[in-house]
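[1] Test case, fold it:
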Amino acid sequence: MILDWAIGFGMGTAVLLYASGWRRQPQLDDFALLPPRWRILTFVAALLFLTAALFSPIHALAGRYFSSHVLQRLLL
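    Just a heads-up that it's a prediction; the model follows:
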């Protein structure tokens, strides 16, 4: 259980650091110089996949069923 809290804390810290870095970017008038929006979308998608793999019943069943273990590895 301690490891679950540590993983959650690490993921939350990553979200806060990413959001603060995104906010600190200078507001540019030229949209060509801004980073593409797909970067934030891929970051959010990665966090959703990590959350599904580590905090769902898939993680609890991975020790019992090989198919759940393989699904968890695919998500990671």
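[2] Tell me which residues of the longest helix anywhere in the chain come out buried.
    Counting residues, the longest helix in the chain under DSSP state H turns out to be helix 2-23. Buried residues in helix 2-23, defined by neighbour count with 16 or more other CB atoms under 10 Å: residue 11. C-beta: built from backbone N, CA, C; applies to glycine.
[3] avg pLDDT for the helix or strand following it?
    Once helix 2-23 ends, the next helix or strand along the chain (criterion: DSSP states H and E) is helix 38-54. Per-residue pLDDT values across helix 38-54 average out to 88.
[4] Would you indicate which residues of helix 38-54 are buried?
    Of the residues in helix 38-54, 50, 52-54 count as buried by neighbour count, 16+ other CB under 10 Å.
[5] Now tabulate the residues you listed in CSV and tack on distance to residue 72.
    Formatted as CSV, the entries for the buried residues of helix 38-54 read as follows, by distance: CB to CB, whole Å:
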residue, distance to residue 72
50, 11
52, 9
53, 5
54, 8
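[6] got the angle between the longest helix of the chain and helix 38-54?
    Helix 2-23 and helix 38-54 meet at an angle of 170 degrees, taking axes from the mean of the first three to the mean of the last three CA atoms, to 10 degrees as the criterion.
[7] elements contacting helix 2-23?
    On a contact count with 3 or more CB pairs under 8 Å, 6 or more residues apart in numbering; DSSP states H and E, helix 2-23 meets helix 38-54.
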